[in-house]
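**Q** Build the 3D model from these lines:
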Amino acid sequence: MAEFDAQLAGVGGPIEDLTFEELLAALERVTGRLASGEIGIEAAANLYEQAEILYNAAEARLAAVEARIAKMKPGTAKAADGPAPRS
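**A** Below you'll find the predicted structure:
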């Protein structure tokens, strides 16, 4: 897999320092450039790799937050089975 390129992705720093919202905004910018059709095939391939990196980072951040929330609210993971038990 390619390495993250902050300049190509249009962000101001390393991927580890970006918030979920910044990752999402960068992903939207990159996919917008891809959708424009105004770039060559090599540039499109590079942007696609950056989009994949941004997506994976955002997905990991979201999973981490969901895990933190699940720890705070026992029973949340079983919400589909019925209401959470009351304390």
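**Q** Now for the residue nearest the centre of the chain: which residues touch it?
**A** Geometric centre of the chain, nearest residue: residue 58, 1.9 Å, by CA atoms, centre = their mean. Residue 58 makes contact with 20, 23, 24, 27, according to CB atoms under 8 Å, 6 or more residues apart in numbering. No exception for glycine: its C-beta is placed from N, CA and C like everyone else's.
**Q** Isn't the second one up against residue 53?
**A** No. In this structure, residue 23 is not within contact of residue 53 by CB atoms under 8 Å, at 9.6 Å.
**Q** Please enumerate the shared neighbours of those two.
**A** Common contacts of residue 23 and residue 53, defined by CB under 8 Å, 6+ apart, comprise residue 15.
**Q** picking up where we left off before, let's see which of the contacts of residue 58 end up in helices.
**A** Per DSSP state H, helices hold the following members of the contacts of residue 58: 20, 23, 24, 27.
**Q** For residue 30, see how far away residue 8 is.
**A** 8 Å (CB to CB, to the nearest Å).
**Q** So for residue 14, what pLDDT did the model give?
**A** Residue 14 is assigned a pLDDT of 89 by the prediction.
**Q** Next, give phi and psi for it.
**A** When read as degrees, to the nearest 10, the backbone of residue 14 gives phi -70, psi 150.
**Q** what's the residue lying closest to it once chain neighbours are set aside in contact with, if anything?
**A** Leaving aside its sequence neighbours, residue 14 sits nearest to residue 6 (CB to CB, 6 or more residues apart in numbering; 6.6 Å). Contacts here follow CB under 8 Å, 6+ apart; on that basis residue 6 touches 12, 13, 14, 15.
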